[in-house]
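Undergrad: Predicted structure and sequence below. I'll ask about it afterward.
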Amino acid sequence: MTRIKIVLIGHRGVGKSELLQRLKMYFPQFQYFDLDSVIAEKLANPVYKIFETFGEEYFRSKEVETARLILNKKDVIVSLGAGYNLENLPEDVICIWVRRTTDADGRIFLNRPALDPKLKPLDDYLSRFEKRNKKYFEKADFIYDMPEGMSIIEGKTVSKKGILAQEKNLFKEFLFRTTKKRKGVLTLNPYNVNSRVVYDTVEFRTDLFSAKEIYRLVEIYGKKSKMILSFRKDNIHDLKELTDLLSSFYAIDVDADLTEILDSLTSKASVAIKKKLIVSCHRPALTENIKTLEGLVKTKSKAIVKCSPVIQSFVELKQLYDWFGKNPSGRLIFPRSDENNKNSDWQWFRQFMLSKQVLNFVNDGFSPVPDQPTLLDTFLFSDPVNHFAAVIGNPIYHSFSPVLHYEFMKKRNMPYYGIKIEEKEFDEAMDFLEEIGLRAASVTSPFKEAAYRRYYPRSKNEIKIKSVNTLYIDSRGAAHIANTDTMGLIKTLNQISADVFKKDLQKLIIVLWGGGGVVPAIKSEVPNVHLVASRDGKLPKGIKEIDILIWAAPRSLLTQMPKNCTIKSVFDLSYGGNSMGLELAKENNIPYFSGLEMFKEQGRGQQIFWSQFDERK
């Protein structure tokens, strides 16, 4: 193997330093350096102190100087600070952009220096986000879309069925360029043509490359991957220029709207070429897609058809899946989210389909299609799926549950997805999910009470509060429900009471700010808690001081911050980096307690509950 020089780049708080430690555990043969830590040790001061004493410009100069010395060493992997000037990196350095879906939400830090003290904590992060995001994309040689919650994985060993083993396998293929091919189709574009990871199939699109460039790509990829040629531009000259290459391709995909190219292929091409034909439709409306493709099948019956509409609801998703089920060997389906959506609605479904259809497109980070499974997903979800588990809520893109429960469900031969549902279609969505194999679910906001109403009549077990966060549906269709929301709650409250107030919990004034579906569970365990609706922010009469504020409200323009009162500590049920509860504690310089430990206790409780219905043979 040639000498390796790798840097990890990415936004503040994404988890570069923690990933560095995991890589050190996976591959101890390399040298590892956290640049901030090296500088802090060298100057005998923490980073925030260096910022305060000497300023940002001085710190940045030390970054460049120190990084240059480190990168002169052999086989090094270095974690860089978010603000490092990437233009100062040597040409032979490989940049891995570590990215998470919550990057765009922003993060607030209790223990890191403010880069601009004039700005609010969240604005301090967001003011640099777009500029840094663009720089990371331009410089990245590889993008690692890291799941939310990797930092909560406990233990220093790599379990065979655990998510760390899959992360290790991913980086093994990247670092050592193994000959093992990744399942899935990678659409090549100008940013990823030199991918270090080898894919089973690659796609060349005529709207992304010229005919001359495609000839060159065939020379590069022809011996290591199957190839798909996709016509996406209405130019018959592309077909004429590429005619001699057609026999080299595993499949030839033509958009249904390119009638001249499609007619030419079906009327003039050889039988062997016709057998490779895929006709695809990417119009927004589902019904229009299906109607167009079914009309073409009548005249071009040998072609496989690919349907990729914008799906607006679970009703439409069921229609698409039912259509696929009528001819699974001759149909491919790729639902897309509305382009106005910030995050993917249907990535979980594409993960579900990885083992169910011949072709599946993969996002290596350079694709603009958020619904495509990530590279790590091809390691996590490659096994055939009969049943599955999921976290169900809205939003769910920030959830740590898929990471927390991955290994537990893997041992039971079930993948664990993150599934977003709109409130108005909860029952329709659950009908479909049960139909395609849902067994276990973590139910989160805003569906805990709706889950109780739906599943309590089908359940044989009692539950003292009318709110469900844990569900299991057995092979007979019977529902088993539970609520583990308060597990760890009293433990954390007692810790705050002892550490901060040196008083008995019952003597403290405790206020729950917001809460939604968790209100009944918390009220059952802490009867003296005062409830405040986060949208109106009205405190009960007489309360001017709050000992413990339990923050359970989302970040929203509608969420009110507490006013005209003194808050002595914050217990934040959110574990998100941009929580308004975290912001409140930061701005008022008061003790802050994260709900992360409580979340892990809840998760352990869910696994104990699900274990009762273990159907493994």
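TA: Cool, the structure landed. Every value quoted in this text rests on a predicted model; they were computed, and no experiment measured them. Numbers count the residues shown, from 1 in each chain.

Undergrad: For the stretch 101-250 of the chain, which segments are assigned as strands?
TA: 142-145, 182-187, 199-205, 226-231 (DSSP state E, counting those that start in this stretch).

Undergrad: So which of those strands is nearest residue 256?
TA: Closest to residue 256 of the strands of the stretch 101-250 of the chain is strand 226-231 (C-beta to C-beta; 10.7 Å). For glycine as for every other residue, the C-beta is placed from the backbone atoms N, C-alpha and C.

Undergrad: what angle separates that closest one from strand 182-187?
TA: Per axes from the mean of the first three to the mean of the last three C-alpha atoms, to 10 degrees, the angle that strand 226-231 makes with strand 182-187 is 30 degrees.

Undergrad: Who does strand 226-231 pair with, and is each partner parallel or antiparallel?
TA: Using DSSP bridges, strand 226-231 pairs in its sheet with strand 199-205 (parallel), strand 251-255 (parallel).

Undergrad: quick one on the thing from earlier: switch the strands of the stretch 101-250 of the chain over to CSV; also include mean neighbour count and distance to residue 390.
TA: Converted to CSV, these look like this (neighbours: other C-beta atoms under 10 Å; distance: least, C-beta to C-beta, whole Å):
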stretch, mean neighbour count, distance to residue 390
strand 142-145, 22, 19
strand 182-187, 22, 21
strand 199-205, 22, 27
strand 226-231, 21, 31
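
Undergrad: Including mean pLDDT and distance to residue 77, could the ones you listed go into JSON lines?
TA: As requested, those are exported to JSON lines (pLDDT from 0 to 100; distance: least, C-beta to C-beta, whole Å):
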{"stretch": "strand 142-145", "mean pLDDT": "98", "distance to residue 77": "12"}
{"stretch": "strand 182-187", "mean pLDDT": "94", "distance to residue 77": "22"}
{"stretch": "strand 199-205", "mean pLDDT": "96", "distance to residue 77": "24"}
{"stretch": "strand 226-231", "mean pLDDT": "97", "distance to residue 77": "32"}
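
Undergrad: ok so residue 481 is a helix residue?
TA: No - per DSSP: H, G, I helix; E, B strand; the rest coil, residue 481 lies outside any helix segment and is strand.

Undergrad: Against residue 435, how distant is it?
TA: From residue 481 across to residue 435, the span is 20 Å (C-beta to C-beta, to the nearest Å).

Undergrad: just residue 59 next, same as before
TA: Residue 59 sits 56 Å away from residue 435, going by C-beta to C-beta.

Undergrad: neighbour count winner among the two?
TA: Set residue 59 next to residue 435 and count neighbours by other C-beta atoms under 10 Å: residue 59 wins out with 19 against 11.

Undergrad: quick one: which helix or strand includes that one?
TA: Assigned by DSSP states H and E, residue 59 falls within helix 56-70.

Undergrad: Just the CA trace of that helix, in PDB.
TA: Coordinates of each C-alpha in helix 56-70 appear next as PDB, following Å, rounded to 0.1, in the frame of the first residue of the first chain:
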ATOM      1  CA  GLU A  56      -8.600  33.500  16.000                       C
ATOM      2  CA  GLU A  57      -6.000  34.600  13.400                       C
ATOM      3  CA  TYR A  58      -3.100  33.500  15.700                       C
ATOM      4  CA  PHE A  59      -4.800  30.100  16.200                       C
ATOM      5  CA  ARG A  60      -5.400  29.600  12.500                       C
ATOM      6  CA  SER A  61      -1.700  30.200  11.800                       C
ATOM      7  CA  LYS A  62      -0.800  27.600  14.500                       C
ATOM      8  CA  GLU A  63      -3.200  25.200  12.700                       C
ATOM      9  CA  VAL A  64      -1.400  25.500   9.400                       C
ATOM     10  CA  GLU A  65       2.100  25.300  11.000                       C
ATOM     11  CA  THR A  66       1.200  22.200  13.100                       C
ATOM     12  CA  ALA A  67      -0.700  20.400  10.300                       C
ATOM     13  CA  ARG A  68       2.300  20.800   8.000                       C
ATOM     14  CA  LEU A  69       4.600  19.100  10.500                       C
ATOM     15  CA  ILE A  70       2.200  16.200  11.100                       C
END
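
Undergrad: list the buried ones in it?
TA: Using 16 or more other C-beta atoms under 10 Å as the test for burial, helix 56-70 gives 59, 62-63, 66-67, 70.

Undergrad: Pick the one among these closest to residue 178.
TA: Using C-beta to C-beta, the buried residues of helix 56-70 come closest to residue 178 at residue 70, 27.0 Å.

Undergrad: With adjacent residues omitted, what lies nearest to that closest one?
TA: residue 33 (5.1 Å; C-beta to C-beta, 6 or more residues apart in numbering).

Undergrad: In three-state terms, label that neighbour for me.
TA: With three-state DSSP as the basis, residue 33 sits in strand.

Undergrad: OK, contacts around it?
TA: 70, 76-79 (C-beta atoms under 8 Å, 6 or more residues apart in numbering).

Undergrad: Across the sheet, point out what pairs with it.
TA: Taking DSSP bridges as the rule, residue 33 bridges to residue 78.

Undergrad: roughly how far apart are it and residue 82?
TA: Noted for residue 33: a distance of 16 Å to residue 82, by C-beta to C-beta.

Undergrad: same check, this time on residue 116
TA: Per C-beta to C-beta, residue 116 is found 14 Å from residue 82.

Undergrad: What are the boundaries of the helices in the stretch 301-450 of the chain?
TA: Taking DSSP state H, counting those that start in this stretch as the test, the helices found in the stretch 301-450 of the chain are 314-325, 347-352, 375-380, 401-404, 406-410, 426-436, 448-455.

Undergrad: Quick one: closest of the ones you listed to residue 94.
TA: Of all the helices of the stretch 301-450 of the chain, helix 375-380 sits nearest to residue 94, with 15.7 Å by C-beta to C-beta.

Undergrad: I'd like the distance from that closest one to the chain centre, please.
TA: When distances are taken as C-alpha atoms, centre = their mean, to the nearest Å, helix 375-380 is centred 11 Å away from the chain's centroid.

Undergrad: Compare residue 116 and residue 82 and say which is more crowded by neighbours.
TA: Shown here are residue 116 and residue 82; by other C-beta under 10 Å, residue 82 has more neighbours (19 against 12).
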